[in-house]
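*Asks:* No sequence on hand, only this structure:
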């Protein structure tokens, strides 16, 4: 009986988000009813099972994961092409937010560890490297947003 209650609560949250064009994370769903979901993993599994059953992506269901990847360089996330690119560390959004990736890069350096990313950033690595490039970290295992962004950049800047 508990699993049915959990399923309907997750579906209710998805429906509410999709009805008003909103976006929610799996963490948002968990915190809407902590007593019902004994842990975060329960929500994660439920969302994944619903997506598989309906043959839809989490993005199509209006649900994503909490972003954790970082990028610095001439990369922007927006609904339309930006006029300027800022050189500041930016949290990579989940693709479900409906933003596009815009990049003006010749190269991308992906580093696994956040500590390495922070060290390179602190030492102004991009200012000393040849050409226009960006640094990216997934802080260990890259999340969906980080992988999505890298795919978008590779399609825009295939060299």
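*Replies:* Happy to help now that I have it. Predicted model, so just to flag it, every value in this text is computed and none were measured. Numbers count the residues shown, from 1 in each chain.

*Asks:* make it CA atoms for all contacts and neighbour counts henceforth
*Replies:* Fine.

*Asks:* per-residue confidence averaged over the helix or strand harbouring residue 8?
*Replies:* In the assignment (DSSP states H and E), residue 8 maps to helix 2-19. Across helix 2-19, pLDDT averages out at 92.

*Asks:* Remind me what it packs against, helices and strands.
*Replies:* helix 40-54 (3 or more Cα pairs under 8 Å, 6 or more residues apart in numbering; DSSP states H and E).

*Asks:* Just the angle for the helix it packs on relative to helix 2-19, thanks.
*Replies:* 70 degrees (axes from the mean of the first three to the mean of the last three Cα atoms, to 10 degrees).

*Asks:* for residue 149, helix, strand, or coil?
*Replies:* Classification of residue 149 using DSSP: H, G, I helix; E, B strand; the rest coil returns helix.

*Asks:* Relative to residue 109, how far out is it?
*Replies:* 13 Å (Cα to Cα, to the nearest Å).

*Asks:* Please, where are all the strands along this structure?
*Replies:* Taking DSSP state E to define them, one finds strands in the chain at 24-25, 63-64, 70-72, 75-78, 90-91, 100-103, 107-111, 133-137.
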